[in-house]
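A.B. asks: Dropping the sequence and predicted coords here.
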Amino acid sequence: MDGTRRSESAAPIRLEAVSKRYADGTVAVEDLTLDLAAGETTVLIGPSGCGKSTVLRMVNRLIEPTSGRILVDGEDVAAADPVTLRRRIGYVIQQVGLFPHQTVRANVGTVPRLLGWSRSRIRERTDELLELVGLEPGRFGSRYPHELSGGQRQRVGVARALAADPVVLLMDEPFSAVDPIVRTRLQDEFRRLQETVRKTILLVTHDLDEAVRLGDRIAVLAERGRLQQYERPAALLAAPANDFVREFVGADRTIKRLGVTPIPRHALRPLPDGNDLDGAAGVPVEATLADALAALLGSDTGWVVVRDGTKLLGVLTPDDIHRALHAA
Ligand SMILES: Nc1ncnc2c1ncn2[C@@H]1O[C@H](COP(=O)(O)OP(=O)(O)OP(=O)(O)O)[C@@H](O)[C@H]1O
């Protein structure tokens, strides 16, 4: 019987009036209060040096706050043993930090080994996780980190962070060390993965597109970790709270909003009579306005067909997209 096994649940996190002043007097974070919902991805974004990494590293006590409290699942992390705490909190960083002389399987099994899991259970878990992050265990399990691409190493890092089923995952610029194409693919995989594992994730990025794609909520910080706005991506883009956020999200925020605004299912027009819809540009009803616009631009019909599986629901015109964006 292994009493160390954690439940599958995710934990809420509360930062309460947290401040950090480094030994040289630099105030990195000043009086930050933030509630992260269990099972959601919260993105911290803000200019370089505003304190994002400091906030992240205070959650797993790599850095101790000067004042304030951090509660994970209602428990003050200051009262927890740091080693035990870090086993419950997965941590993914930009340069992955895989052990170079250990195989992929050994890397992924690091925390379960420390927790004393049996060999067979570790093997089962590592193979399950490698599958989950899209790396065939038979092909990649016995490779060494230098035998992988940057994107594959990043996936191993994510698998390792998830190995002991942590209640929280901290991710510091996890996708910034790979090229833009691989980054987009890893972001898509991350979204699928998060739908499966539903962890409470705190992710730091300096890339607004990444924040909008991955975040359930985005916290925009100014220097000293001063919270400017904390919102769902669509709401943040639609209504920046102040000039700082407006400038930060940029002039193209309307274009970005297309990517987070769903297709207005109830505003679809009836299917036009007498048209051959089989070859017409189409998008699934779960798609965003950005997908619909892209399909429209790639066709010459002036409208795009919206489908639910194989069922045709109706069509959207450019005007409809415009209206939907302004109604959102
Ligand atoms: N050990 C330290 N001692 C003194 N100052 C530090 C230390 N670590 C970080 N800082 C300072 O604290 C502030 C916040 O740093 P932090 O790394 O948290 O910012 P960040 O938002 O993650 O930055 P970036 O986006 O550039 O990675 C910066 O001014 C930084 O110089």
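C.D. replies: Yep, that arrived.
A.B. asks: Got the confidence number for A281?
C.D. replies: Taken from the predicted model, the pLDDT recorded for A281 is 80.
A.B. asks: let me fix that: K256
C.D. replies: What the model reports as pLDDT for K256 is 82.
A.B. asks: Please tell me how far the spatially closest residue to S67 that is not a sequence neighbour sits from the ligand.
C.D. replies: When the adjacent residues along the chain are set aside, S67 lies closest to S19, with 4.8 Å between them (CB to CB, 6 or more residues apart in numbering). C-beta: built from backbone N, CA, C; applies to glycine. Between S19 and the ligand the computed distance is 12 Å (CB to the nearest ligand atom, to the nearest Å).
A.B. asks: Just to check, S19 is in contact with T66?
C.D. replies: Yes. The criterion here is CB atoms under 8 Å, and S19 meets it with T66 at 5.1 Å.
A.B. asks: Tell me which of the two has more neighbours.
C.D. replies: S19 (18 against 15; other CB atoms under 10 Å).
A.B. asks: mind checking how far the more buried one is from G68?
C.D. replies: Taking CB to CB, to the nearest Å as the criterion, S19 is separated from G68 by 6 Å.
A.B. asks: Need the pLDDT of the residue most central in space within the chain.
C.D. replies: Centrality entry for the chain: nearest residue to the mean C-alpha point is L214, 4.0 Å, by CA atoms, centre = their mean. Per-residue confidence (pLDDT) for L214: 93.
A.B. asks: The one 4 residues further on too?
C.D. replies: Predicted confidence (pLDDT) at I218: the value is 97.
A.B. asks: Doesn't it belong to a strand?
C.D. replies: Yes. When DSSP: H, G, I helix; E, B strand; the rest coil is applied, I218 is found to be in a strand.
A.B. asks: Residue numbers of the stretch 51-200 of the chain in contact with the ligand?
C.D. replies: Within the stretch 51-200 of the chain, the residues that sit near the ligand (CB under 6 Å from any ligand atom) are 51-54.
A.B. asks: now these in TSV, with secondary structure, neighbour count and pLDDT?
C.D. replies: Below are these laid out as TSV (DSSP: H, G, I helix; E, B strand; the rest coil; neighbours: other CB atoms under 10 Å; pLDDT from 0 to 100):
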residue	secondary structure	neighbour count	pLDDT
G51	coil	25	95
K52	helix	26	95
S53	helix	19	94
T54	helix	22	96
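A.B. asks: which one among these gets closest to P137?
C.D. replies: Checking these against P137 with CB to CB, the nearest one is S53 at 32.3 Å.
A.B. asks: so how far is the first residue of stretch 67-79 from its last?
C.D. replies: Its first and final residues considered, stretch 67-79 spans 14 Å by CA to CA, to the nearest Å.
A.B. asks: Distance from the chain centre to that stretch, please.
C.D. replies: Stretch 67-79 has its C-alpha centroid displaced from the chain centroid by 23 Å (CA atoms, centre = their mean, to the nearest Å).
A.B. asks: got it, and stretch 159-172?
C.D. replies: The mean C-alpha position of stretch 159-172 is separated from the chain mean by 12 Å, CA atoms, centre = their mean.
A.B. asks: about what we covered before: do you know how far the residue nearest to S67 is from K52?
C.D. replies: 15 Å.
A.B. asks: just R307 next, same as before
C.D. replies: In this view, R307 and K52 are 40 Å apart by CB to CB.
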